[in-house]
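Trainee: only geometry, no sequence info:
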């Protein structure tokens, strides 16, 4: 049986936010690194959690790493 490849439902920007967060950065750090406001990052994190159907940002990061979407 062939392995299924799960496509990433996140945008490149959302993946970039998760990358920064995965390295220990919070909303403020992600906003600083990626150029935006902490409020925008907060909104994007909420959208990420909704898309991935998880309750926490930590769970979203863990899923993204597990799926190979971020390192």
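Mentor: Yep, that arrived. Since the model is a prediction, treat every value here as computed from it, not as a measurement.
Trainee: helices of this structure, start to end?
Mentor: Assigned by DSSP state H, the chain shows helices spanning 12-22, 27-34, 38-52, 57-67.
Trainee: now for those helices, which one comes closest to residue 6?
Mentor: Of all those, it is helix 57-67 that lies closest to residue 6, at 5.8 Å by CB to CB. The C-beta positions use only the backbone N, C-alpha and C, and glycine is treated the same way.
Trainee: quick one: the closest one to helix 12-22, angle?
Mentor: Orientation check (axes from the mean of the first three to the mean of the last three CA atoms, to 10 degrees): helix 57-67 against helix 12-22 gives 110 degrees.
Trainee: ok, residues contacting helix 57-67?
Mentor: Contacting residues not belonging to helix 57-67 are listed as 6, 8, 10, 15, 18, 21-22, 45, 48-49, 52, 54, 70-71 [CB atoms under 8 Å, 6 or more residues apart in numbering].
Trainee: pull the distance from that helix to the chain's centre.
Mentor: Offset of helix 57-67 from its chain centre (CA atoms, centre = their mean, to the nearest Å): 7 Å.
Trainee: likewise stretch 20-36?
Mentor: On CA atoms, centre = their mean, the centre of stretch 20-36 falls 11 Å from that of its chain.
Trainee: tell me which residues of it come out buried.
Mentor: 20, 21, 22, 25, 27, 30, 31, 34, 36 (16 or more other CB atoms under 10 Å).
Trainee: now do the same end-to-end measure for it.
Mentor: End-to-end span of stretch 20-36 (CA to CA, to the nearest Å): 13 Å.
Trainee: equivalent analysis for stretch 29-46, please.
Mentor: One end of stretch 29-46 sits 17 Å from the other (CA to CA).
Trainee: before we move on, what about stretch 19-30?
Mentor: Start-to-end span of stretch 19-30 (CA to CA) is 9 Å.
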